[in-house]
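Visitor: got a predicted model here, sequence first, then my questions.
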Amino acid sequence: MGEFVGIDPIRAEQLMREMAGGQAVLGRARPGLEAAIAEAGPSWEGAAGTTAMHKSWAFLDETRRDLKWRMDTLRQMVPGTGLLSASLPFASETEAARQGSSAGRRIADALKNMEIDPTVETWRKVTAAAAATQSHLNDPAYAAALLNALGPDRFRALFMHGMKNLGPATDKGAPPDVLRQTGLTPLAQAYTNAERAGRLGPKWLDDFFASTPPGVLTSLITLARPSSRLLNKVATRVLGRPLAADLPTSQNWNLNALVDAYAADPAALQTLLATDKNAAHGLLHPQRVRMSGIDDIQQKLATVLDQALASGPHRDQAMLNIIRTLGAEDGPWTSASWGVWKDSPISETLAANIGPHLDQLARAQSKRDSPELTAIHPTSPWDTLTPDTASRFVGVLMQDADAARLLMKASQDYTLSLDIGRFRPFGDEAVQDQYTSRAALAGGVANLMLSGSTHAEWSDDEYADWVAGVALLPVSWLSNKYWPIQDPTLATGRDIGLDAAKDGVKSLITDYFDNKTPATARDVGDNIINQQMQWVTESLNEHGQKPLTASQRNELRMAFRGRLYEALVAALQQRGG
């Protein structure tokens, strides 16, 4: 019979640490004291001190173990924080382990009978023996003892038999509702509860995982709530599976099981993506996504990714690994044969989460184009990302029109956030440095968008309009920030002028695409830079600003050219063919 307990987890953990510290002190002092007592011989009146030390150490050890068992059990039974209260099913850890072993042996005996006489009736006796343990499984000592009485081989055999009539379930998983009808839920709960409390050894983790089919592993996380550690271990095994094994002849419920489990624990997915460089490849490979056969898997996966990338201590590294994976040279994500990314909520989710990382991507582009501006180089871990990889990643996302629009909006917001207009391009040295650094970052993000835009699934007219908008980003912030206009009428006139400039740039690009001009991509790039400078000069004159000198005009023109020209020409050449 158990007892009612109430424990404050924070205080209990503090007490356990203090008891562990006391054990450590006794453990270090005991050899020397025992040697000194032995040397003093029977004439010393404190000879009984050795026994007292042993009893003190044993008391601390037993008390700490008992408190940990109570804490582990309560955490399984009562969710939340603060004071945890519940009635424990057993009076002690020893009693829990004894009854767990007895329950495991009963299941093992029922399984043995079923193997001799494999009928529906004998299998029902197996599941009945498992069901009888349900009320005690929150006790991790009971759960661990039950599992050890069964052993990994019998435990695996139970799942293999329970899933044998579900098609390729042991290989590719099964629908959650179908799995719940197998009678295996108590066994899955025993495993996850014992693992969560740290009571499973290597034979139940490393050895068991190496020899157990992936469908059995995903059934564990479908039928019971796994720890983040266990969930990621299952994911590593499933996502490391050869893609050729996921044939399109049946649905792949393994992927669905992972997505459902991560929906309840998105922080675990963030950790997996951050710590396992291969995880993004396994999770987001277009072949695995397309061949899953689950109708809503892309939307479910997109939702989970959005939660995993929203915030958290490992968000930067998780996104960096995704960018490296999708932006890898010759990767499958730009292959038209898969057709997964052109209308994909996954693309849109990744695009929507790029904002917090856009500064580092812009810095990587700026480092390549302006290596001497060390103050704006990317910081760790982003300094290991190559600009070409980032560009290919943007290109992958831009295959989806909605994702491309999200990226363009993010780049515009980033450019405006730099507030470059606070710094006159021609002033004292400190102001000039601030202007140059921000201009380099604005050029970096524009280059990133341009280099990725060649993969965008747009018509030539849509693409020309988009490129014109990117090309005029520097002009836009110069006009709105450096030359702000309070008068609404004049401001409208300025905006109309900017629209006219954009139309002119767009015409240059569409004429090039339509072969209406003998101009090369470099000629078009030169003309676009000239149009940028012409608009700036005219805007200065119209609004009574001090005109630029010849040297200042040249410096500004070269700044525009240096920030945009090569990326602009490369984009036009690749798109125009």
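Guide: Okay, I see it. In this text, all values refer to a predicted model and were calculated from it rather than measured experimentally. Residues are numbered from 1 along each chain as shown.
Visitor: pull out the buried residues from stretch 163-172.
Guide: Buried residues in stretch 163-172, defined by neighbour count with 16 or more other CB atoms under 10 Å: 163, 166-172. (C-beta placed from N, C-alpha, C; glycine too.)
Visitor: which ones among those residues lie within helices?
Guide: 169-172 (DSSP state H).
Visitor: determine which two of those are furthest apart.
Guide: Thr170 and Lys172 (8.3 Å; CB to CB).
Visitor: residues bridging contact with the two, i.e. touching both?
Guide: Taking CB atoms under 8 Å, 6 or more residues apart in numbering as the contact rule, Thr170 and Lys172 both touch Gly215.
Visitor: before we move on, back to that, from the buried residues of stretch 163-172, which is closest to Thr549?
Guide: Using CB to CB, these come closest to Thr549 at Lys172, 71.4 Å.
Visitor: shouldn't that closest one be in contact with Trp253?
Guide: Yes. The pair Lys172 / Trp253 is scored as a contact, 6.1 Å apart, by CB atoms under 8 Å.
Visitor: and Arg363, how far from Asp400?
Guide: Per CB to CB, to the nearest Å, Arg363 is found 26 Å from Asp400.
Visitor: I should have written Asn353 there, sorry.
Guide: Where Asp400 is concerned, Asn353 sits at a distance of 14 Å (CB to CB).
Visitor: one more: Val445?
Guide: Distance of Val445 to Asp400, given as CB to CB: 19 Å.
Visitor: Tyr565 too?
Guide: Tyr565 is 28 Å from Asp400, by CB to CB.
Visitor: contacting residues for Lys300?
Guide: 256, 259-260, 263, 294.
Visitor: just put those residues in TSV and tack on neighbour count, secondary structure and distance to Asn527.
Guide: Converted to TSV, those look like this (neighbours: other CB atoms under 10 Å; DSSP: H, G, I helix; E, B strand; the rest coil; distance: CB to CB, whole Å):
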residue	neighbour count	secondary structure	distance to Asn527
Asn256	24	helix	53
Val259	23	helix	49
Asp260	16	helix	54
Ala263	15	helix	51
Ile294	17	coil	50
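Visitor: what's the most distant pair in these?
Guide: Ala263 and Ile294, at 13.7 Å, using CB to CB across the contacts of Lys300.
Visitor: sorry, back to before: neighbour count for Asn353 and Asp400, which is higher?
Guide: Between Asn353 and Asp400, counting by other CB atoms under 10 Å, Asp400 is the more crowded of the two (25 against 20).
Visitor: so the residue lying closest to the more buried one once chain neighbours are set aside is in which element?
Guide: Among residues not flanking Asp400 along the chain, Ser347 sits closest, at 3.9 Å (CB to CB, 6 or more residues apart in numbering). Element membership for Ser347, per DSSP states H and E: helix 345-352.
Visitor: and that helix, what does it pack against?
Guide: Packing partners of helix 345-352 (3 or more CB pairs under 8 Å, 6 or more residues apart in numbering; DSSP states H and E): helix 297-310, helix 387-397, helix 401-417.
Visitor: buried sites along the host helix or strand of Leu441?
Guide: If you go by DSSP H and E, Leu441 is part of helix 429-452. Burial within helix 429-452, assessed by neighbour count using 16+ other CB under 10 Å, is assigned to 434-452.
Visitor: ok, now stretch 569-577?
Guide: 569-573, 575-576.
Visitor: flag every buried residue along the helix or strand where Arg288 lies.
Guide: Assessed by DSSP H and E, Arg288 sits inside helix 286-290. If you call a residue buried by 16+ other CB under 10 Å, then helix 286-290 has these buried ones: 286-289.
Visitor: export it as PDB, just CAs?
Guide: As requested, the backbone C-alpha atoms of helix 286-290 are provided in PDB (Å, rounded to 0.1, in the frame of the first residue of the first chain):
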ATOM      1  CA  PRO A 286      11.700  16.200 -50.800                       C
ATOM      2  CA  GLN A 287      11.700  12.500 -51.500                       C
ATOM      3  CA  ARG A 288      10.800  11.600 -47.900                       C
ATOM      4  CA  VAL A 289       8.200  14.300 -47.700                       C
ATOM      5  CA  ARG A 290       6.600  13.400 -51.100                       C
END
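Visitor: packing partners of it?
Guide: helix 297-310.
Visitor: the helix it packs on - what's its average pLDDT?
Guide: Mean pLDDT, helix 297-310: 95.
Visitor: likewise stretch 151-167?
Guide: Computed over stretch 151-167, the mean pLDDT rounds to 94.
Visitor: tell me the buried residues in that stretch?
Guide: Buried residues in stretch 151-167, defined by neighbour count with 16+ other CB under 10 Å: 152, 154-156, 158-159, 161-163, 166-167.
Visitor: what is the nearest of the residues you listed to Asp383?
Guide: Closest to Asp383, out of all of these and judged by CB to CB, is Pro152, at 44.7 Å.
Visitor: that closest one touches Leu205, doesn't it?
Guide: No. Using CB under 8 Å, Pro152 is not in contact with Leu205, being 9.7 Å away.
Visitor: that older thread, now, which of the ones in helices among the buried residues of stretch 163-172 sits nearest Arg225?
Guide: Arg225 has its nearest neighbour among those in Ala169, at 20.6 Å by CB to CB.
Visitor: tally of neighbours for Ala24?
Guide: Residue crowding around Ala24 was assessed by other CB under 10 Å; the count is 11.
Visitor: which helix or which strand is home to it?
Guide: Counting by DSSP H and E, the secondary-structure element that holds Ala24 is helix 9-40.
Visitor: doesn't Gly444 make contact with Ala567?
Guide: No. Using CB under 8 Å, Ala567 is not in contact with Gly444; the gap is 9.6 Å.
Visitor: show me where the stretch 51-200 of the chain has strands.
Guide: In the stretch 51-200 of the chain, the segments counted as strands under DSSP state E, counting those that start in this stretch are 84-87.
Visitor: export stretch 111-128 as CSV, just CAs?
Guide: The C-alpha trace of stretch 111-128 is given here as CSV (Å, rounded to 0.1, in the frame of the first residue of the first chain):
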residue,chain,number,x,y,z
LEU,A,111,3.9,-14.6,-24.2
LYS,A,112,5.5,-18.0,-23.9
ASN,A,113,2.0,-19.7,-24.0
MET,A,114,1.1,-17.6,-27.0
GLU,A,115,4.2,-18.7,-28.9
ILE,A,116,3.3,-22.3,-28.2
ASP,A,117,-0.4,-21.8,-29.1
PRO,A,118,-0.6,-18.7,-31.3
THR,A,119,-4.3,-18.0,-31.2
VAL,A,120,-6.3,-14.8,-30.8
GLU,A,121,-7.3,-16.1,-27.3
THR,A,122,-3.7,-16.5,-26.1
TRP,A,123,-2.8,-13.1,-27.4
ARG,A,124,-5.7,-11.6,-25.5
LYS,A,125,-4.2,-13.1,-22.3
VAL,A,126,-0.9,-11.3,-23.1
THR,A,127,-2.6,-7.9,-23.6
ALA,A,128,-4.7,-8.5,-20.5
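Visitor: cool, thanks, signing off.
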